[in-house]
Structure formats: structure tokens, C-alpha cells
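**Q** Output the structure for:
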Amino acid sequence: MTYLNKIFNKRDIVVLIIGILAVLGGFFYIQFGVGGSKEMQNARQPIIFVSDKNRVSGAAQHLVTTTSRSGGAVAIHINVLDNGKIEYDGNQNVKAKQPIIEVNFNDRSKTTQQQAQSLNQILRKLNHRYAYKQYDAIGFGSGSLAVYYNAVKYRTSGNRMMLNHFVSIAGPYQGVLPLQPPHGEHRTTNQRATQPPQPVRPDWATITNQRFPSYQEMQHLSKRLDPNTEVLNIYGVISDRDRSDGRVSEASASSLKKLIKNKDNYQSLRLTGPYAEHASLLDNQVAERIINRFLFNQ
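**A** Residues are numbered from 1 along each chain as shown. Predicted coordinates for the structure are as follows:
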């Protein structure tokens with residue numbers, strides 16, 4: 001009987017030890033994510049915001065703030081300096097599920113090709129440093145061109161990150177329009193009030209459009225866009241007479257559709273009225289809701 005009790009006691013002790021180890025193992029797995037760090041890294045998907053405005057502009061900052069309220073967290077400010085050097089100013093939010101990364105080009109005279117090359121360096125750096133595998137991107141104005149051109153030029157393999165969602169806002173895929181002054185201003189003394197005003201800087205559009213790749217070049221490269229990339233194209237039309245947002249024509253912005261081979265992954269939002277003006281598109285509440293739904297499924 002004593003011998004059986006000893007065996008029973010030994011078995012009890014072994015079972016007890018195994019049970020304690022199992023409980024402790026489960027505790028540490030839950031509390032510290034043992035074995036799950038790689039999965040968490042793969043789940044992180046930054047939102048990269050590229051604007052044709054300086055990042056301190058109220059409109060650009062408004063969209064970033066709205067996105068952060070919907071689930072993102074501002075993590076890194078990236079400045080591409082005039083000499084091409086890239087500065088990174090990050091914080092602890094780089095480990096958030098959807099960190100927001102603002103990219104600012106200090107030199108607005110750089111071509112789209114040069115900006116796309118800088119984006120390639122940035123994406124490769126983010127992949128190497130934070131193990132990001134894919135990303136979402138919001139491009140405004142010429143920033144949309146930089147995002148698109150980078151995606152088709154360098155592709156997923158060259159960037160080491162896949163473009164998952166792309167929001168293009170007022171993208172000038174066939175160029176921009178000459179700047180127009182407010183109605184009633186900048187008329188010559190011989191002009192009647194009913195006559196349309198003259199462009200303020202007639203050469204501005206020509207100079208700006210020279211920085212952009214030709215539409216034919218982008219058409220040629222369009223087949224290189226990842227077929228799984230989902231695209232939301234947002235553009236404005238102030239009035240049927242203007243057929244533009246004052247800066248980018250409807251024809252220019254909507255021509256992105258022909259650059260997306262997988263039409264099932266393309267959708268567009270045409271905004272009208274005074275809040276469809278170029279700079280106001282970033283403040284448009286309808287656009288905000290659609291972007292949040294597109295990026296966050298809200």
C-alpha cells in the first residue's frame with residue numbers, strides 16, 4: 001500500500017508540474033506575444049501620405065488628422081531635401097497597426113521621376129527597418145503621380161513593399177490647367193466684366209507639366225501595376241462650365257481609370273460644387289467618409 005501511495009504521489013507531482021508549466025506558458029504567450037511577433041509585423045500596414053503641398057499646410061494636415069482618428073497614428077515625418085537627402089523623424093507609433101507616414105518634398109521643382117525614385121528609397125528603408133511588407137498610399141495633386149509612377153516603375157519587387165490601397169486625389173494624369181484668378185480680378189482696362197479673366201501666370205502650367213511623365217509613358221508602364229492594388233480616384237468639378245477643380249480638369253484626373261488594368265479594383269468619386277475646388281478636396285467631408293471606408297472598412 002505504501003508503495004502504491006508513493007507511485008500515486010509521484011504521478012500527482014508530475015501532473016501538477018506539467019499543469020503549472022502549461023498555465024505559465026499560456027500566460028506568457030498571451031501577455032508577451034511569444035511566437036506572434038512575426039505575425040504582428042506582417043499585420044502592420046503604414047499609410048503613406050504624399051502631397052503637392054507642404055506638410056504644414058492646413059488642408060494636408062486636416063486629412064492626416066482625420067485619418068488618424070479613424071485608426072491610424074502619425075508615426076513618421078519624412079523630408080526629402082533639395083539635395084536629395086532624406087530625413088526621418090519618427091516616434092513610437094511606427095509599431096502601430098496602421099502608422100501614418102507623411103512624405104514632404106522640399107524642392108517642388110523636382111520631376112515626378114525624381115520623386116518616385118526618392119519614394120523607392122523610402123519604401124526600401126521602411127521595409128528594412130520596420131519589416132513592413134505592404135502599404136496604403138494617399139496622393140494629393142502631383143503627389144498622386146509620384147505614388148503611381150513609383151508603383152509601376154519599381155513595382156513590389158523593387159520597393160520591397162506591395163501597394164495595397166491607393167487613394168488618388170485630384171491627380172493631374174494629363175497635366176494641370178493654367179492658373180485662373182478669382183472672377184472680376186486681373187482684367188485689363190479694355191476688358192469687359194463679362195469677358196473671362198486672363199490667366200495669372202500663363203507659363204505656370206507649361207513649367208509644371210514639364211515635370212510630369214507623359215500619359216503615353218504611364219500607359220506603357222501601367223501593366224506593371226500589381227493586379228491586387230485597389231484604387232480610389234477622387235476628383236472635383238466645380239461646375240459643368242468649368243469641368244475642373246480649378247487646377248486639374250475632370251478629363252485629366254479621370255484618365256487614371258485607363259491606367260488601371262484590373263477594372264474590378266478601380267472606383268471613383270466625382271465631387272461637385274464649391275467644396276470640389278482643388279485645395280478644398282482635402283477638407284471635403286464626403287471624401288473623408290469614402291476614404292475612411294476604403295482604408296479602414298468603416
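**Q** Same question for the spatially most central residue of the chain, what's its three-state structure.
**A** With distances taken as Cα atoms, centre = their mean, Ala137 lies nearest the centre of the chain, 1.8 Å away. Here Ala137 is strand, with the state taken from DSSP: H, G, I helix; E, B strand; the rest coil.
**Q** Let me know the pLDDT of it.
**A** The pLDDT attached to Ala137 in the predicted structure is 96.
**Q** Quick one: residues contacting it.
**A** Contact analysis of Ala137 by Cβ atoms under 8 Å, 6 or more residues apart in numbering lists Ile47, Ile48, Phe49, Val50, Val147, Leu163, His165, Phe166, Val167. Placement of C-beta: from N, CA and C, glycine included.
**Q** Also Ile234?
**A** In this structure, Ile234 makes contact with Val167, Ser168, Ile169, Ala170, Ser268, Leu269, Leu271, Leu281, Ala287, Ile290, Ile291, judged by Cβ under 8 Å, 6+ apart.
**Q** Bridged to the third one, which residues?
**A** For Ile169, the beta-bridge assignment (DSSP bridges) gives partners Phe140, Ile234.
**Q** Check the fifth one too.
**A** Taking DSSP bridges as the rule, Ser268 bridges to Asn233.
**Q** burial count for it?
**A** Applying other Cβ atoms under 10 Å, we find 14 other residues in the vicinity of Ser268.
**Q** what about it, distance to Gly139?
**A** Counting by Cβ to Cβ, to the nearest Å, the gap between Ser268 and Gly139 amounts to 14 Å.
**Q** same question, the last one
**A** Summarising the geometry, the distance separating Ile291 from Gly139, computed by Cβ to Cβ, is 12 Å.
**Q** Find residues that contact each of the two.
**A** Between them, Ile291 and Gly139 share the neighbouring residues Val167, with contact defined by Cβ under 8 Å, 6+ apart.
**Q** Low-confidence stretches in the stretch 151-298 of the chain?
**A** Within the stretch 151-298 of the chain, the segments meeting pLDDT under 70 span 180-202, 298.
**Q** All the helices of it, residue numbers only.
**A** Listed from the start of the chain, the stretch 151-298 of the chain has helices (DSSP state H, counting those that start in this stretch) covering 204-209, 215-221, 250-254, 285-296.
**Q** Of all those helices, which one is nearest Leu232?
**A** Evaluated with Cβ to Cβ, the helices of the stretch 151-298 of the chain place helix 285-296 nearest to Leu232, the distance being 4.8 Å.
**Q** No more questions from me, cheers.
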